[in-house]
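Chemist: Below is the structure, and that's it, no one-letter string:
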């Protein structure tokens, strides 16, 4: 007998963490515990769903509720993650069952879209997901640097300015997570970021932009960028990142809409990120239309994953 539902209590949640630990041998259960509950004051048991097979939790899936920017509107997004089946129950089609059921569950909860990151695209396509891509670039030469601006290292006192800049920059796009001060602090804590790679640009009157980056192997990855004056601020941040990151190569993802505004730095195409969407509310938009919009304005910052 198969039953798909949300976990009932702390004991079942701990059983879920054991399933994840067994399914993902290279990822410790502590990672999933932190991602699911710690630092999430609004966590509720309905967000963790399980497939019970012959009286045992065999598969699990997590819903991460967020709001997503969609060309000036905020829409309810069900971020999907921590999808796993206990090795003892694999090969029985249980994974696809819980994903399909969770799509229906999320739709009934009022979510408009569902998103996930994966490398097994064919598997999730069977559950109604479709793949979209967005480009990432290596920042090359800086052609011109703005005068009269300085860069300051992030402090919590600047959060209101960060949120304001984030909203103005990201609201026209398709995909970025809508953020408030609380969400920023949770993300910052989860990623254990180096504050010296979280910087803001200041023109003497106001903050005009910010950038978050992290060291990854021998490179710097931009976790998030937003600016009221994106062309000059990205040039300024590039200079500072190279100073602070010991001149490491810098990579950033930008939509075509964003890239068109950048002329002061060289952007070398280096490939694409991939993610998958499922349209839960067909009244919102059709799949083909969504793909077209995402092709032009789609972005999902690395920081949005946490």
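Modeler: That came in fine, so what should we check first? Since we're looking at a predicted model, the values are computed, not measured.
Chemist: From here on, just use CA atoms for contacts and neighbour counts.
Modeler: OK.
Chemist: I figured residue 212 hits residue 227, correct?
Modeler: No: contact criterion Cα atoms under 8 Å: residue 212 and residue 227 do not qualify, at 12.0 Å.
Chemist: Give the buried residues for stretch 63-79.
Modeler: 63-70, 74-79 (16 or more other Cα atoms under 10 Å).
Chemist: Quick check: end-to-end length of that stretch?
Modeler: One end of stretch 63-79 to the other measures 6 Å (Cα to Cα, to the nearest Å).
Chemist: got the contact list for it?
Modeler: With contact meaning Cα atoms under 8 Å, 6 or more residues apart in numbering, stretch 63-79 is reached by 47-48, 80-81, 106, 110-116, 170-178.
Chemist: So which residues of the chain form strands?
Modeler: Along the chain, counting by DSSP state E, strands occupy 2-6, 48-53, 56-70, 73-85, 113-116, 130-142, 150-153, 174-177, 198-202, 207-216, 219-227, 249-253, 265-279.
Chemist: Report the buried residues of the first one.
Modeler: So the one you mean is strand 2-6. 4-6.
Chemist: And those, which is closest to residue 92?
Modeler: residue 4 (14.8 Å; Cα to Cα).
Chemist: Low-confidence ranges, the stretch 201-306 of the chain, go.
Modeler: Regions of the stretch 201-306 of the chain meeting the criterion pLDDT under 70 cover residues 306.
Chemist: how does it look with 80?
Modeler: Filtered on pLDDT under 80, the stretch 201-306 of the chain yields the residue ranges 245-247, 305-306.
Chemist: residues contacting residue 142?
Modeler: By Cα under 8 Å, 6+ apart, the contact list for residue 142 reads 235, 238-239, 264-266.
Chemist: Most widely separated two among the residues you listed?
Modeler: Distances among the contacts of residue 142 were taken as Cα to Cα; the most separated pair is 239 and 266, at 12.6 Å.
Chemist: Now do the contacts for residue 247.
Modeler: Residue 247 is in contact with residue 241, counting by Cα under 8 Å, 6+ apart.
Chemist: Residue 229 against residue 207, yeah?
Modeler: No: Residue 229 is beyond contact range of residue 207, at 10.2 Å (criterion: Cα under 8 Å).
Chemist: follow-up on the earlier one: okay if I get the strands of the chain as CSV plus distance to residue 13?
Modeler: Output for these, formatted as CSV (distance: least, Cα to Cα, whole Å):
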stretch, distance to residue 13
strand 2-6, 10
strand 48-53, 8
strand 56-70, 10
strand 73-85, 13
strand 113-116, 21
strand 130-142, 30
strand 150-153, 39
strand 174-177, 26
strand 198-202, 34
strand 207-216, 31
strand 219-227, 30
strand 249-253, 35
strand 265-279, 26
